[in-house]
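Trainee: model the structure of this input:
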Amino acid sequence: MEGSIQAVLDTKGALRCVRFESGNVGVVTTQGKTKLVVGPCQQLSFADNGFLRVFNGREFFIDMKNGELYAQMPEFVQFGDFEIAYIGGYLCTRTRKLYEVKAIPAEAWHGKYGLYLSLPYSGEPEERIKRMMIWTLSRYVVCLLNGDESGVYWKMRDFDDYTLLVMDDKGNYYHVKRSARSSKAVKVHLGQVNNEADKTMMVHAVREIEEQVADLLKMEAEKAKREAEKEREQQMAMLVSAEPFNIGNKWGLRSKGRIVVPPIYRSVKSPVGRYCAMESYPGIWGVIAVDGKVEVEARYEDVLIHSDGTVDLTVRPGKVISKKLP
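Mentor: Residues are numbered from 1 along each chain as shown. So this is what the prediction gives:
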């Protein structure tokens, strides 16, 4: 026990740097709860970015997040929600269990949507760690998870939906997803690997995730396609009054005074329903929709669009191809 507070040395928000009756210095809350005990130092004060400045014959700094000691104040590099301390050529995490690696900030990689931050790993992991990995990695990478301040994880692989598979130092595997409400990471525990049988089961679990991700992405793509088609139908319905216009020798389409197809064609005929015949080069015709999408590439001697949505394409005199427009 440190005993009661002898003196307040510095204040910042709801925290106080104090000297205890024991002679030690530390940090307490305004309610008197001890947050950190440093030891018998001459002076203690708050520095920037959650650090403490300590003087005991010489100056050094302590990260209040993990208690790590530094001979000088680090620089700080921000990667989205992640803050890394950079000192003496080392990247240092501010997690409760420190991870440091000799690297430059450019070697850190920010995962999509800010779910994680990848950091390089120097050398080879210990054999105990390797034995728990379900496959051999060509390059070892660790990562921080958004909202998880416990430490780093071994980054095993990315999935196509930007989620990822990680392993901790005890062989626990997690499928890491992004919270539906924020960018914070949500870990789903898949199991622990201790032997070859566990590895086989974990590989099977990962394959199931791959199948689920593929199914999900397929459903999302189909949904996006339906929504895009619906939106286009609505836009097309608003462009039924489109009419050809020209600037110089080039033609396009406009609707109610707004340009919907820029004047890039040699000629554009009046719309028939949702479609227009357009001439890209002299005597070379194709078909565009009234929103500008090319429905038939310009490679025909003539085109004739019918009100039922079909078109006759003249390949050469005497040879005509008919097709249904989308």
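
Trainee: pretty sure Met238 sits against Arg274.
Mentor: No - using C-beta atoms under 8 Å, Met238 is not in contact with Arg274, being 11.3 Å away. For the C-beta atoms, the positions are set from N, CA and C on the backbone; glycine is no exception.

Trainee: neighbour count: the two, which is higher?
Mentor: Arg274 (21 against 13; other C-beta atoms under 10 Å).

Trainee: now the more buried one. Its backbone dihedrals?
Mentor: phi -100, psi 0 (degrees, to the nearest 10).

Trainee: any idea how far Phe79 is from it?
Mentor: 48 Å (C-beta to C-beta, to the nearest Å).

Trainee: quick one: strands adjacent to the worst-scoring helix or strand of the chain on mean pLDDT?
Mentor: Scoring the helices and strands of the chain by mean pLDDT, DSSP states H and E places strand 109-110 at the bottom, with a mean of 90. The sheet places strand 109-110 alongside strand 116-120 (antiparallel), with pairing taken from DSSP bridges.

Trainee: so how far is the partner strand from its chain's centroid?
Mentor: Here the centre of strand 116-120 is set off from its chain's centre by 12 Å, with C-alpha atoms, centre = their mean, to the nearest Å.

Trainee: contacting residues around it?
Mentor: 79-80, 82, 84, 91, 93, 99, 101, 103, 107-111, 141-146, 152, 155, 164, 176, 185 (C-beta atoms under 8 Å, 6 or more residues apart in numbering).

Trainee: mind doing that once more with 6 Å?
Mentor: 79, 82, 101, 103, 107-110, 141-145, 155 (C-beta atoms under 6 Å, 6 or more residues apart in numbering).

Trainee: report the lowest-confidence entry in the residues you listed.
Mentor: Ranked by pLDDT, those bottom out at His110, which has 88.

Trainee: from Leu144, how far out is it?
Mentor: Counting by C-beta to C-beta, the gap from His110 to Leu144 is 10 Å.

Trainee: send the alpha carbons of stretch 281-293 over as CSV?
Mentor: Extracted in CSV, the C-alpha atoms of stretch 281-293 (Å, rounded to 0.1, in the frame of the first residue of the first chain):
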residue,chain,number,x,y,z
TYR,A,281,-17.7,7.2,-88.2
PRO,A,282,-19.1,7.9,-91.7
GLY,A,283,-21.5,5.2,-92.5
ILE,A,284,-20.7,3.2,-89.3
TRP,A,285,-23.8,2.9,-87.0
GLY,A,286,-24.6,1.5,-83.6
VAL,A,287,-27.2,1.9,-80.8
ILE,A,288,-27.1,3.8,-77.5
ALA,A,289,-29.7,4.0,-74.8
VAL,A,290,-31.0,7.5,-73.9
ASP,A,291,-28.7,7.5,-70.8
GLY,A,292,-25.6,7.1,-73.1
LYS,A,293,-24.9,3.4,-72.5
